[in-house]
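Engineer: Sequence first, predicted model second:
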Amino acid sequence: MKLRNLFAVVMLSGVFSLLSAGLFVALDAVDVAFTEAAVGAGISTVLMLGTLALTHQEEKPAQHSRALPLLVVFVTGAALLYGTADLPPFGSADTPVQQHVAPEYIERTPKEIDIPNIVTAVLASYRGYDTLGETVVIFTAGIAVIVLLHGSTRRRRREDGEETDS
């Protein structure tokens, strides 16, 4: 789908994130659903709407050739396909990721934490500080965007004031 109305793009992106969060809840990945709802449907949508309030709501038509972006996409896709050639088969039990820590988490989670979803147990308990750190990074990024947008608004108001005074 191609839209030039950026407000519609932001709204559709927020709806997609909210639907994805619902899908994650249905798949018993409540922690991932919460993150998707908070970051994808929540703060991202608010920040994008704030940006749209300070900019234009319609995308400007492209003034450059589409050949270079298409070339970059095809080269990147080819590199990704080449990189996946060495990966082990999907779902194979003898891959390194399945042999290292996963068996220990699967064995210890019901006894130590008694949380039925192992992914939730790992993210909320075993890696709780890591999850907290990710949340702090996302919060800091959101505050930085707000500060940057506020500074550009103040600068634009100052420039508009100078133009009207002349």
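Structural biologist: Arrived safely. Residues are numbered from 1 along each chain as shown.

Engineer: In contact with the most centrally placed residue in the chain, which residues are there?
Structural biologist: Nearest to the mean C-alpha position of the chain, by CA atoms, centre = their mean, lies Gly40 at 6.0 Å. The neighbours of Gly40, taking CB atoms under 8 Å, 6 or more residues apart in numbering as the test, are 13-14, 16-18, 20-21. From N, CA and C alone the C-beta is placed, and that goes for glycine too.

Engineer: now, which of these lie within strands?
Structural biologist: Among the contacts of Gly40, DSSP state E puts none in strands.

Engineer: which of those has the most neighbours?
Structural biologist: Ala21 (23 neighbours; other CB atoms under 10 Å).

Engineer: surely it meets Val39?
Structural biologist: No - in this structure, Ala21 is not within contact of Val39 by CB atoms under 8 Å, at 9.8 Å.

Engineer: quick revisit: what's the spacing between the residue nearest to the centre of the chain and Lys60?
Structural biologist: 26 Å (CB to CB, to the nearest Å).

Engineer: And for Leu49?
Structural biologist: 19 Å.

Engineer: who's more crowded, the two?
Structural biologist: Leu49 (14 against 7).

Engineer: That one: what secondary structure?
Structural biologist: helix (DSSP: H, G, I helix; E, B strand; the rest coil).

Engineer: pretty sure it is touching Val9, no?
Structural biologist: No - using CB under 8 Å, Leu49 makes no contact with Val9, being 11.2 Å away.
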